[in-house]
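Peer 1: Here is a sequence with its predicted model. Questions after.
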Amino acid sequence: MGTLSVRAAMGKLTAQVLATVNGPYRTRQSAQQLAALIADPSSAQAHNAAAFAFFSEIAPAVQSAFIAEMNVDEAKVKAVARQFADMAGYPLPLAS
């Protein structure tokens, strides 16, 4: 796959993630903002809807691809996912 094809695939992935986390909640998070939110423990404490939607509504494989694409610290993301899972009372894929 050429560089252009990889960029197009990543652009579609990012668009899918942002549509899922922004659409229902009428937010306008950018990819960079969402990447920061999913690694920030204060997102869970603030009950951030976009961050929770990422953990609960995005397929695990897409979550992993987004984390890699955005170069987010996976350990931090998993810690935030555990916080959301504890509050929600049910398991989230990245919380394990």
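Peer 2: It's in. Numbering: from 1, shown residues only.

Peer 1: what ranges do the helices span in this structure?
Peer 2: Per DSSP state H, the chain carries helices over the ranges 3-22, 31-38, 41-45, 49-57, 60-69, 74-88.

Peer 1: Not counting the fourth one itself, show me its contacts.
Peer 2: It refers to helix 49-57. Contact partners of helix 49-57, identified using Cβ atoms under 8 Å, 6 or more residues apart in numbering, comprise 17, 20-22, 24-25, 27, 29, 34, 37-38, 40, 43-44, 63, 66, 80-81, 84-85, 88, 92-95. All C-beta spots, glycine's among them, are computed from the backbone N, C-alpha and C.

Peer 1: looking at the helices of the chain, which is buried most?
Peer 2: Among these, ranked by average contacts under mean count of other Cβ atoms under 10 Å, first place goes to helix 49-57 (a mean of 21).

Peer 1: Just the pLDDT at the residue most central in space within the chain, thanks.
Peer 2: The centre of the chain sits closest to Phe54, judged by Cα atoms, centre = their mean, with a distance of 3.9 Å. Phe54 is assigned 96 on the pLDDT scale.

Peer 1: Quick check: it vs Ile67, distance?
Peer 2: Counting by Cβ to Cβ, to the nearest Å, the gap from Phe54 to Ile67 is 10 Å.

Peer 1: Now the common contact residues for those two.
Peer 2: Shared contacts of Phe54 and Ile67, counting by Cβ under 8 Å, 6+ apart, come down to Ile38.

Peer 1: and the nearest residue to Asn48 once chain neighbours are set aside, what does it touch?
Peer 2: The shortest distance from Asn48 to any non-neighbouring residue, by Cβ to Cβ, 6 or more residues apart in numbering, is to Leu37 (5.7 Å). Taking Cβ under 8 Å, 6+ apart, we find Leu37 in contact with Gln29, Ser43, Asn48, Ala50, Ala51, Phe54.

Peer 1: Could you work out the most separated pair of these?
Peer 2: Gln29 and Ser43 (10.8 Å; Cβ to Cβ).

Peer 1: Can you give me the neighbour number for Asp73?
Peer 2: By other Cβ atoms under 10 Å, 11 other residues sit near Asp73.
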